[in-house]
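> Could you work out the structure for the sequence below:
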Amino acid sequence: MKAVIETGGFQYTVQETEKIKIPKIDAKVGDKIKFDKILAIVDGKKSEFGKPYLKGYAVEGEILSQGRHPKVIIFKFKRRKDYKRKKGHRQHFSEILIRKIMLKSHKKTEQTKETKKT
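Prediction:
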């Protein structure tokens with residue numbers, strides 16, 4: 001089963017036991033986090049898509065580490081004008097292990113069927 005989640009302004013396709021690097025989340029290593037902005041669920045031949053999000057679904061993960069990506073060099077240059085600027089940037093990230101993709105609870109549908117019968 002796969003899910004498309006949204007976090008930090010980006011979309012990620014995830015499945016259970018997968019590691020992903022997302023923009024930094026303010027939490028400690030070992031904390032469990034829950035993603036509730038689910039855009040799509042794909043389970044074999046069955047798929048569900050949200051408008052824009054699916055309700056009743058969630059993805060649970062655990063923070064493995066916090067770190068920084070390798071440095072990206074920004075170099076500005078204009079020829080013959082003696083204009084050069086060099087800057088560096090390192091983006092912070094959180095490495096997440098996806099534990100499980102939780103599906104809709106069917107308790108609500110069972111209760112509504114029981115009330116309709118009586």
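> in the chain, which spans are helices?
For the chain, the helices defined by DSSP state H cover 107-117.
> All the strands of it, in order from the start?
For the chain, the strands defined by DSSP state E cover 2-7, 10-15, 19-23, 32-35, 38-43, 46-54, 58-68, 72-78, 83-89, 92-102.
> what's the shortest one packed up against?
Which is strand 32-35. strand 2-7, strand 58-68 (3 or more CB pairs under 8 Å, 6 or more residues apart in numbering; DSSP states H and E). Bear in mind the C-beta positions are built from the backbone N, C-alpha and C, glycine included.
> Per-residue pLDDT of residue 107, please?
We note a pLDDT of 49 for residue 107 in this prediction.
> whoops, residue 116 was the one
Residue 116 is assigned 56 on the pLDDT scale.
> quick one: contacts for residue 5?
11-12, 14, 35, 37-39, 59 (CB atoms under 8 Å, 6 or more residues apart in numbering).
> Then residue 72?
88-91.
> Report the separation between residue 103 and residue 2.
In this view, residue 103 and residue 2 are 13 Å apart by CB to CB, to the nearest Å.
> shared neighbours of those two, anything?
Taking CB under 8 Å, 6+ apart as the contact rule, residue 103 and residue 2 both touch residue 41.
> that older thread, most neighbours out of the contacts of residue 72, which is it?
Neighbour counts for the contacts of residue 72 peak at residue 91, which has 13 neighbours (criterion: other CB atoms under 10 Å).
> how many neighbours does the residue nearest to that residue when sequence neighbours are not counted have?
The shortest distance from residue 91 to any non-neighbouring residue, by CB to CB, 6 or more residues apart in numbering, is to residue 69 (4.7 Å). By other CB under 10 Å, 11 other residues sit near residue 69.
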